[in-house]
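Q: Need the 3D shape of this:
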Amino acid sequence: MVKVRLTRKFAQMLNGIDLSKCNAGDDIDVAPRDADLLIKEGWAAPVETAEDREPRRRKDDPGVAD
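A: Below is the predicted model:
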């Protein structure tokens, strides 16, 4: 699942995505394919999580425990 913020809402459904219980400004969890569609159509924006802000470490980095 991917978290997006609904930026506008013109209908209860968009290409099979049920938005009937959502309002503009809500953060919602949707499948990656649905998130991509909502963002491309201008209905939503990605939500940055704490995990997104942290640099990712590779397993072979010296500071990473096995």
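Q: what helices or strands is the longest helix seen in the chain leaning on?
A: If you go by DSSP state H, the chain has its longest helix at helix 32-40. Judged by 3 or more C-beta pairs under 8 Å, 6 or more residues apart in numbering; DSSP states H and E, helix 32-40 is in contact with strand 2-6, strand 17-18, strand 44-46. Glycine gets a C-beta too; all of them are placed from N, C-alpha and C.
Q: Show me what the shortest one is packed up against.
A: The reference is to strand 17-18. Here strand 17-18 touches helix 32-40, going by 3+ C-beta pairs under 8 Å, 6+ apart.
Q: Show which residues not belonging to the longest helix of the chain make contact with it.
A: Under the criterion C-beta atoms under 8 Å, 6 or more residues apart in numbering, residues 1-2, 4, 6, 14-15, 17, 30, 44-46 lie in contact with helix 32-40.
Q: Compare those and tell me which is most surrounded.
A: Ranked by neighbour count (other C-beta atoms under 10 Å), the contacts of helix 32-40 have residue 44 at the top, with 30 neighbours.
Q: Having no further points to raise, I will conclude here.
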